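Asker: My questions concern the predicted model and sequence given below.
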Amino acid sequence: MSNIHDNTMSFKLKKEGEEKVREVLTMVNSALEAKGYNSINQLVGYMISGDPAYITSHNDARSLICKVDRDEILEILLKCYLEQEKA
């Protein structure tokens, strides 16, 4: 008897989704730095909790990041990190 947890699910982000995530992260990073926050710490807090209060509302950064799914952000971050490690 097969269990649903025995199967590996596949997830693929569209190329235009990747561009959107990169743009949003760049804009959010800039807004956080402009307000004097440690952007890495704030983004990690947001990624772990899902609470947009970690992101400043300066330059609409909070509303921008809420338009992107956290799983999409995580996929892009992992992809960039692993590709960099290969180089």
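Answerer: Perfect, I can see it now. Treat the numbers as computed from the prediction; the structure is a model and nothing was measured. Numbering: from 1, shown residues only.
Asker: Hmm, residue 25 is touching residue 72, no?
Answerer: No. If you go by C-beta atoms under 8 Å, residue 25 and residue 72 don't touch, sitting 10.3 Å apart. All C-beta spots, glycine's among them, are computed from the backbone N, C-alpha and C.
Asker: Report the next helix or strand after the biggest helix by length in the chain in sequence order.
Answerer: Secondary structure of the chain per DSSP state H: the longest helix is helix 15-34. Sequence-wise, the next helix or strand downstream of helix 15-34 (DSSP states H and E) is helix 39-49.
Asker: Show me where this structure dips below the pLDDT cut-off.
Answerer: Residue ranges of the chain with pLDDT under 70: 1-5, 11-16.
Asker: tell me the centre residue of it?
Answerer: residue 73 (2.5 Å; C-alpha atoms, centre = their mean).
Asker: mind listing what the nearest residue in space to residue 18 that is not next to it in sequence touches?
Answerer: Leaving aside its sequence neighbours, residue 18 sits nearest to residue 76 (C-beta to C-beta, 6 or more residues apart in numbering; 5.8 Å). The contact partners of residue 76, by C-beta atoms under 8 Å, 6 or more residues apart in numbering, come to 13, 18, 21-22, 25.
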